[in-house]
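Engineer: sequence unknown, structure follows:
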Ligand SMILES: NC(=O)c1ccc[n+]([C@@H]2O[C@H](COP(=O)([O-])OP(=O)(O)OC[C@H]3O[C@@H](n4cnc5c(N)ncnc54)[C@H](O)[C@@H]3O)[C@@H](O)[C@H]2O)c1
Ligand SMILES: O=c1ccn([C@@H]2O[C@H](COP(=O)(O)OP(=O)(O)O[C@H]3O[C@H](CO)[C@@H](O)[C@H](O)[C@H]3O)[C@@H](O)[C@H]2O)c(=O)[nH]1
């Protein structure tokens, strides 16, 4: 099939390349000329494991092109819309101006039988509104909403072998077209749910709301654990053995960030309020508040660890991205902590395997040191905020020889407290028993 992908960011660039893997002819379109130039040269404009390989093979096959001109989408019969839906500047709602502009741009090039497929995360009701725009001016094209559930860091696998496919459609033909698009994934047994627009839109935002709630739940338990001397990691392990609960997304720490969970729960709340149903999701405000409190708790812990003031002290912040295996710093808890500590007068040095370039663009006032050993030298305090493998694997004895003071805050609970304490470190986790050894 001939496919266009409008918007080639973290979602669209992977989707475009993956569609070639699934056997299609693809043109990726973006308004960002620099991004398109990189993609056209088969160079990913961001770090995503596996993307260089599929981008290279898709480009070499001659079945993947990139363009800044929406007219190049005219040959395609299926048009995925994967542009951003960030939080509006003045509020918590989703900014739909990019989605609206992408649809407006496509309209003159649509043909009878074309299917426009929304991928972006949108407030419920958006698809119905856009379907009527396309019905009016889309020259016989129709709309489907097919939300995306990929995780950054696993985006390639999640796109090629998704946990499920959700089609929000208004007619059977649209579902049949999507079946053709995803034939390879369906043949591999991917479950598919065919539903209406509103349900498809809601599946996406409620999935993210659920994940965010799970994380804030365990972070709330971490607060209680701390007040009682209990250990939240053991608590999560024990809870996780209950298959109804499951262990995933029960890692307490500095909380969730990124370009999705925080903005999506806020947009969901705003939409529910618009619908007069704010009360139904009022708990999401608490989920957000617990999450933001975790960032503050890490900062407070740093102040406490340094005896009441961070002023003039060297604090090494391990990680700037919102999670490992990504260079994405959107709403990153790690950067938030680094910026707050800097604001309090600390001599902050941040390091990260992939995120420094993006972090520097947003926060040029911070000092960055890509070399981990150099970063750690003479530190008064080490704060692990993003659990990249090299930080999880740090040797406390070796690191202990180069820092000024052996004090570490493990804001992701990924280090073994006993090992670090045995090497002479003052170790603090988040909701982990702060005393000496716990019998196992
Ligand atoms: N990043 C993820 O992991 C992920 C996963 C699932 C869903 N989503 C959703 O997908 C959407 C895109 O997210 P993202 O992370 O890829 O954002 P992004 O900011 O990385 O990419 C969006 C891209 O759209 C381009 N764009 C904006 N207006 C355009 C237009 N009119 N025509 C063509 N291109 C245009 C931008 O230049 C940018 O490259 C959002 O709604 C997001 O919530 C993201
Ligand atoms: O137990 C956990 C699990 C995750 N996180 C944090 O939660 C955030 C989000 O993590 P994750 O969900 O893995 O990353 P995303 O790539 O943002 O993916 C989410 O957001 C995407 C965009 O909507 C969806 O497609 C995905 O399904 C959804 O998992 C990160 O800051 C993680 O550090 C925790 O603090 N504790």
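Structural biologist: That came through fine. Note that the structure is a prediction, hence the values are computed from the model and not measured. Ligands and ions are numbered 1, 2, ... in the order given.

Engineer: which residues sit in contact with residue 105?
Structural biologist: Neighbour list for residue 105: 6, 70 [criterion: Cβ atoms under 8 Å, 6 or more residues apart in numbering]. Bear in mind the C-beta positions are built from the backbone N, C-alpha and C, glycine included.

Engineer: and it, what helix or strand is that in?
Structural biologist: helix 97-106 (DSSP states H and E).

Engineer: partners of the helix or strand following that helix, with directions?
Structural biologist: Helices and strands here follow DSSP H and E; after helix 97-106, the next one along the chain is strand 115-118. Each strand paired with strand 115-118, and its direction, by DSSP bridges: strand 78-81 (parallel), strand 142-145 (parallel).

Engineer: what separates the last one from the chain centre, distance-wise?
Structural biologist: Centre-to-centre, strand 142-145 and its host chain are 25 Å apart (Cα atoms, centre = their mean, to the nearest Å).

Engineer: Can you name the next helix or strand after that strand?
Structural biologist: Later in the chain than strand 142-145, the nearest helix or strand by DSSP H and E is helix 155-160.

Engineer: mean confidence for that following helix?
Structural biologist: Helix 155-160 comes out with an average pLDDT of 97.

Engineer: Stretch 286-300 too?
Structural biologist: 98.

Engineer: Contacts for it next, please.
Structural biologist: 209, 212-213, 215-216, 219-220, 223, 253-256, 262, 265-266, 333, 336-337, 340-341, 344, 383, 385, 409, 411, 430.

Engineer: Give the buried residues for that stretch.
Structural biologist: 287, 288, 290, 291, 293, 294, 295, 297, 298, 299 (16 or more other Cβ atoms under 10 Å).

Engineer: sorry, back to before: out of the strands paired with strand 115-118, flag the one nearest ligand 1.
Structural biologist: strand 78-81 (8.5 Å; Cβ to the nearest ligand atom).

Engineer: got a list of contacts for the closest one?
Structural biologist: In contact with strand 78-81 (Cβ under 8 Å, 6+ apart) are residues 1-7, 12, 15, 19, 73, 99, 102-103, 106, 110, 114-120, 146, 177, 181.

Engineer: quick one: it near ligand 1?
Structural biologist: No: in terms of Cβ under 6 Å from any ligand atom, no part of strand 78-81 sits within range of ligand 1; the closest distance is 8.5 Å.

Engineer: repeat for stretch 89-101
Structural biologist: Yes: for stretch 89-101, a contact with ligand 1 is found by Cβ under 6 Å from any ligand atom, at 98, 101.

Engineer: just to revisit the earlier point, dump the strands paired with strand 115-118 to a markdown table, plus mean neighbour count and distance to residue 420.
Structural biologist: A markdown table is the format used below for these (neighbours: other Cβ atoms under 10 Å; distance: least, Cβ to Cβ, whole Å):
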| stretch | mean neighbour count | distance to residue 420 |
| --- | --- | --- |
| strand 78-81 | 26 | 47 |
| strand 142-145 | 26 | 48 |
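
Engineer: want to throw those into CSV with mean pLDDT?
Structural biologist: CSV is the format used below for the strands paired with strand 115-118 (pLDDT from 0 to 100):
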stretch, mean pLDDT
strand 78-81, 98
strand 142-145, 98
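
Engineer: Nearest to residue 316 among those strands would be which one?
Structural biologist: Closest approach to residue 316 among those (Cβ to Cβ): strand 78-81, 41.8 Å.

Engineer: and the strands paired with strand 115-118 as a markdown table, adding distance to residue 404?
Structural biologist: Compiled in a markdown table, those are given as follows (distance: least, Cβ to Cβ, whole Å):
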| stretch | distance to residue 404 |
| --- | --- |
| strand 78-81 | 52 |
| strand 142-145 | 55 |
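
Engineer: Any chance of JSON lines for these, columns distance to ligand 2?
Structural biologist: As requested, the strands paired with strand 115-118 are exported to JSON lines (distance: least, Cβ to the nearest ligand atom, whole Å):
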{"stretch": "strand 78-81", "distance to ligand 2": "15"}
{"stretch": "strand 142-145", "distance to ligand 2": "14"}
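
Engineer: which residues of the stretch 151-300 of the chain fall in helices?
Structural biologist: 155-160, 172-181, 183-187, 197-228, 232-240, 261-274, 283-305 (DSSP state H, counting those that start in this stretch).

Engineer: which is the next helix or strand following the last one?
Structural biologist: To tie it back to what came earlier, the one meant is helix 283-305. Once helix 283-305 ends, the next helix or strand along the chain (criterion: DSSP H and E) is strand 314-318.
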